[in-house]
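Asker: give me a model of this one.
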Amino acid sequence: MIALPEPASTDDLRGLLLDYLDYYRSVIAAKVTGLTGGDLRGSRVPSGWTPAGLLTHLAHMERRWMEWGFLGEQVPEPWGDSDGDGWVTPDEGLATLLERLEGVGRRTREIVEAHALTDQAAPGGRFATPAEAPQLQWILLHVLQEYARHAGHLDIARELADGAVGEDG
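Answerer: Numbering: from 1, shown residues only. The predicted structure follows:
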């Protein structure tokens, strides 16, 4: 697992935000690693979401915001993580789900490193007009918030599954 960025002073806000995203992706991976197939695809909460569905949601969410949202690129099935009632639980194995999440993270890093944090999202994808398009820094903070929130969800699911607590699993 990647270490949590320690408090410090930096002029590199872009790097700090990317480091936090990498950290939360590693927390997510640690939380799901070691779950049995039943615990990965089964739900322990009334809403019915599963850890595998959450992994699929995070990969779609990040791609939705970075490629479709910020770059304005068309992406296949931007809402493919949802069936209208909740997150879809995929059939893929854990290794494939984690590879997808890592790949989306690499793509996010490429996008962010090629742009200024104050650059506006391009219209044409998620945003129809320039007036709707947020800056990259807002998008990054939103994506970071999603990861932090869902890491907390996985804390609870993992504790209910096998008693594991803490950031490492």
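Asker: what packs against the helix or strand where Ala95 lies?
Answerer: Following DSSP states H and E, one finds Ala95 within helix 94-113. Helix 94-113 sits against helix 13-32, helix 51-63, helix 136-162, with contacts defined as 3 or more Cβ pairs under 8 Å, 6 or more residues apart in numbering; DSSP states H and E. The C-beta positions use only the backbone N, C-alpha and C, and glycine is treated the same way.
Asker: and with 6 Å instead?
Answerer: Applying 3 or more Cβ pairs under 6 Å, 6 or more residues apart in numbering; DSSP states H and E, we find helix 94-113 packed against helix 13-32, helix 51-63.
Asker: any idea how far it is from the chain center?
Answerer: 9 Å (Cα atoms, centre = their mean, to the nearest Å).
Asker: list the buried ones in it?
Answerer: Neighbour-count burial for helix 94-113, counted by 16 or more other Cβ atoms under 10 Å, picks out 94, 97-98, 100-101, 104-105, 108-109, 111-112.
Asker: show me where this protein dips below the pLDDT cut-off.
Answerer: Under the criterion pLDDT under 70, the flagged ranges of the chain are 7, 168-169.
Asker: and with 80 instead?
Answerer: 1-9, 167-169 (pLDDT under 80).
Asker: give the contact list for the residue nearest to the spatial centre of it.
Answerer: Among the residues of the chain, the one closest to the centroid is Leu58, at 3.6 Å (Cα atoms, centre = their mean). By Cβ atoms under 6 Å, 6 or more residues apart in numbering, the contact set of Leu58 is empty.
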